[in-house]
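> Below is the structure, and that's it, no one-letter string:
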């Protein structure tokens, strides 16, 4: 194809241009979004409708060329929703969320065309191609570092949490969220929206948009057999007040087979009709959502519309799927625009919403946080009355919630069961049925869906969107919510702005769940966090008592862009530490809880609270044998790593605090070292890496029904007798 006009600089790298476009002289002479305006003026404006069609083709073209330039990535799913994305942008909406990580190249095309990617040095299509799926470039799935994009996207069933959290924190702003065929098949999406709507019936300014294209990654989607009425019934049955469907089949004049068709095969007249329907129904759906109705917009169009293949075969590219291949080159030529059309699309997108998304969307600035004042910490005397650590933290959580109206705490198994009933009493469980016996009322700050995914989702998403939160879970059930928590913490590591750390409280660990048996004894989850420590912004904390947990939570509240897990028993335990000791431990990893002199010294380094009991008993037995000991309470294992063990320096808010060699030797130096944890052994890795003396570890093996924490530990070999026996072997 020849180029007959001056090519805009940003078009450098475009492989194919059109010689001319039908009706462009009639509808493409002036941008539909005029200078100084933020959206098209009317959905009846033929110029706006025509230019929305151009925009959809531009998005498809860039998505396919970008992915084909690396023979990698996912063009097919986004291609089926490109018309709707163009409509949203032409209507001025840029606070767009997605549940579909595979739509990343399409979203990159959007923020390239509206000039957001210039903030990371991507100014031309060639640079867009070069930096797709490259380090310090555009990740294969959305992350936290891309200018103008609101949320990370990876595993299915997460995006709605970001949209709901953003909507709650930003009243009056619409947050469309695209959800794929596969995503709606996950149980999390509809159930989490339903619970959120019951808890927050007035927060409806988020708009789920179902990308109903009939195909999954490698086959037809499970909902491809549903009729339009079936989908209406489905969403009505999940509390939606308004269900709007735009079905491309209704506009097909190309006699395509099947229920799912490709709008790019229509005549121009019917493409314009389909696009106008999208514009009109998007306005209707947006207004419905902003007017207080829970609304879903369903766009039904064949996967792969307008790109190289159709159906599941369009999903992703494989090695060899290059721009030179005829099926890709032909598809790009079919979608090609003239240079004038490219300039027109860019002008519209750059003006939409008031400017580039990187300058206008809510996540491009910090959400103001209210001052919470001084936490009402209470330092209990060492050796005094036993206290429940989680209850002590609950008092501080209650204070934070009273000072910060945006704060939420979520828990699927009940705060009372985690020893923090005081939080319910102070902040109230959000429930439509007022009942003082259960501390529940319609306005509250305790969010309790019976789903760890929904709990972790709203709490973590709230933190990512700029608010304070806590996710509380039984340690044994936390795994069900961890995928989204991990997504958020890793996004925070590369986020372009500071945001409150996402904080968790994990209670009722395996050692407390004796009578429940192995179904409630799953401390292997701590290996998950142990692995994540290497990210550099993840800090698992293990307070040893009710004093320690207060200092840990206060520290966590004052941090940014971290993932902080606090694990503590809900049983009354002795007060063993002072505030000052935990403050020191948060810098150095741990503190010496007890030191006994002797001819030789065995270091018993303990991660946890209940598991201190056999360690202290072992220290007493060693004393009777004339052997000295140091019992060290390890509060923050991340601090014990060597700086080179983690990726801390790559984090957006880097924390390079690690214990020095001298301080490590002071804490953990001895003639033998035994690392002890009532959970998985991964938390002991930092100790094992840095210690040079004879050493070993005692950790969880498997669960069983037992009468007490001591009995569970005995089943796993964590007893004073075994510790002493192994200490003597190491010393010899």
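Structure received. Source: prediction; values computed, not measured.

> all contacts plus neighbour counts: C-alpha atoms, from now on.
Will do.

> Tell me who's in contact with residue 429.
The contact partners of residue 429, by Cα atoms under 8 Å, 6 or more residues apart in numbering, come to 438-448.

> Which strand residues bridge it?
residue 440, residue 446 (DSSP bridges).

> Could you shift the numbering so residue one becomes 3, and keep it that way?
Happy to do that; since the first residue is 3 now, the last one works out to residue 431.

> isn't residue 528 right up against residue 680?
No. With contacts defined as Cα atoms under 8 Å, residue 528 does not count as touching residue 680, sitting 10.2 Å away.

> residue contacts, the most centrally placed residue in the chain?
In the chain, the C-alpha closest to the average C-alpha coordinate belongs to residue 490, at a distance of 3.1 Å (Cα atoms, centre = their mean). If you count contacts by Cα under 8 Å, 6+ apart, residue 490 has them with 154, 462-463, 466.

> again, but for residue 470
Taking Cα under 8 Å, 6+ apart as the contact definition, residue 470 lies against 408-410, 464, 502-504.

> if we can go back for a sec, closest one of the contacts of residue 490 to residue 384?
Looking at the contacts of residue 490 and their distance to residue 384, the nearest is residue 462, at 34.7 Å (Cα to Cα).

> Look up how far residue 431 lies from the closest one.
18 Å (Cα to Cα, to the nearest Å).

> now residue 519
Going from residue 519 to residue 431 by Cα to Cα gives 29 Å.

> where in the stretch 53-202 of the chain is pLDDT low?
Screening the stretch 53-202 of the chain residue by residue with the criterion pLDDT under 70, one finds the ranges 187-189.

> 90 instead, please
Within the stretch 53-202 of the chain, the stretches falling below the threshold (pLDDT under 90) are 138, 145-147, 155-159, 183-190.

> one step back: who wins for neighbours among the contacts of residue 470?
When those are compared by neighbour count (other Cα atoms under 10 Å), residue 504 ends up highest, at 32 neighbours.

> so that residue sits right up against residue 560, yeah?
No. Counting by Cα under 8 Å, residue 504 sits too far from residue 560 to count as a contact (11.3 Å).

> Which parts of the stretch 53-202 of the chain are strands?
Assigned strands in the stretch 53-202 of the chain, in chain order: 99-100, 177-182 (criterion: DSSP state E, counting those that start in this stretch).

> The first one pairs with which strands, parallel or anti?
Sheet neighbours of strand 99-100, with direction, are listed as strand 177-182 (parallel) (DSSP bridges).

> Off-centre distance for the partner strand?
Centroid separation for strand 177-182 versus its chain: 15 Å, with Cα atoms, centre = their mean, to the nearest Å.

> What are the contacting residues of that strand?
For strand 177-182, the external contacting residues (Cα under 8 Å, 6+ apart) are 97-102, 161-162, 165, 168-169, 207-214.

> out of those, which are inside helices?
Secondary structure of those is defined by DSSP state H; positions in helices are 161-162, 165, 168-169.

> out of those, who's nearest residue 532?
Distance to residue 532 across these (Cα to Cα) is lowest for residue 161, with 26.0 Å.

> okay, now the domains of this structure?
The record's domain split for the chain, according to automatic domain parsing, is 11-33+43-365, 389-733.

> and those domains as TSV, adding distance to residue 377?
Formatted as TSV, the domains of the chain follow (distance: least, Cα to Cα, whole Å):
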stretch	distance to residue 377
domain 11-33+43-365	24
domain 389-733	6
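
> Of all those domains, which one is nearest residue 372?
Within these, the stretch nearest residue 372 is domain 389-733; the backing value is 5.9 Å (Cα to Cα).

> End to end on the closest one, go ahead and measure it.
Using Cα to Cα, one end of domain 389-733 lies 36 Å from the other.

> Might you calculate how far that domain sits from the centre of the chain?
Chain-centre distance of domain 389-733: 21 Å, with Cα atoms, centre = their mean.

> Check stretch 249-269 too.
For stretch 249-269, the distance from its own C-alpha centre to the chain's C-alpha centre is 36 Å (Cα atoms, centre = their mean).

> one step back: among the contacts of residue 470, which are located in strands?
Within those, membership in strands is found for 410, 504, as judged by DSSP state E.

> Just name the closest of the contacts of residue 470 to residue 60, please.
Distance from residue 60 was checked for each of these by Cα to Cα. The minimum falls on residue 464, at 33.6 Å.

> Pull the residues that contact stretch 98-106.
Applying Cα under 8 Å, 6+ apart, the external contacts of stretch 98-106 come out as 75-77, 79-80, 141-144, 151-162, 164-165, 177-182, 185.

> Can you select the buried ones from these in ChimeraX?
Here is the ChimeraX command that selects the buried residues among the contacts of stretch 98-106 (16 or more other Cα atoms under 10 Å):
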select :75,76,77,79,80,141,142,143,144,151,152,153,154,155,156,157,158,159,160,161,162,164,165,177,178,179,180,181,182,185
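
> neighbours around the nearest residue to residue 548 once chain neighbours are set aside, how many?
With sequence-adjacent residues excluded and distances taken as Cα to Cα, 6 or more residues apart in numbering, residue 548 is closest to residue 391, at 3.8 Å. Look at residue 391: counted by other Cα under 10 Å, it has 29 neighbours.
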